[in-house]
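Colleague: what's the 3D shape of this:
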Amino acid sequence: MTTGATTKDTGYGRYTFRVRLSATARRAIWNECVAKSKQVHAQ
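Modeller: Reported below is the predicted structural model:
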């Protein structure tokens, strides 16, 4: 994800962010997505 910022005095700045998740967090997110998918499909 990249975001740019412009200010009057400093000009243009560019920042790059990278999110790194642990295996436990990835598994929790995956399980949440699967549960949501099943819920939507059941409706």
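Colleague: does the residue most central in space within the chain sit in a helix, a strand or a coil?
Modeller: In the chain, the centroid-proximal residue (CA atoms, centre = their mean) is Val19; its distance is 7.1 Å. The three-state assignment at Val19 reads coil, by DSSP: H, G, I helix; E, B strand; the rest coil.
Colleague: Phi and psi next, for it.
Modeller: phi -100, psi 130 (degrees, to the nearest 10).
Colleague: just to confirm, which helix or strand has Lys36 in it?
Modeller: Using DSSP states H and E, Lys36 sits within helix 23-42.
Colleague: for the protein, which spans come out with low pLDDT?
Modeller: Along the chain, the model assigns pLDDT under 70 to residues 1-10.
Colleague: one more time with 80, if that's ok
Modeller: In the predicted model of the chain, residues 1-12 satisfy pLDDT under 80.
Colleague: pretty sure Tyr12 is in a helix, no?
Modeller: No - assessed with three-state DSSP, Tyr12 is strand; it does not lie in a helix.
Colleague: hey, what's it bridged with?
Modeller: Beta-bridge pairing of Tyr12 under DSSP bridges involves Thr6.
Colleague: Number of residues surrounding it?
Modeller: 8 (other CB atoms under 10 Å). Placement of C-beta: from N, CA and C, glycine included.
Colleague: Would you check how far apart it and Val19 are?
Modeller: Separation of Tyr12 from Val19 (CB to CB, to the nearest Å): 24 Å.
Colleague: got it, and Cys33?
Modeller: For Cys33, the distance to Val19 (CB to CB) stands at 16 Å.
Colleague: and what of Ala42?
Modeller: Ala42 is 31 Å from Val19, by CB to CB.
Colleague: can you check Lys36 too?
Modeller: 20 Å.
Colleague: Gln39 now?
Modeller: Distance from Gln39 to Val19, by CB to CB: 25 Å.
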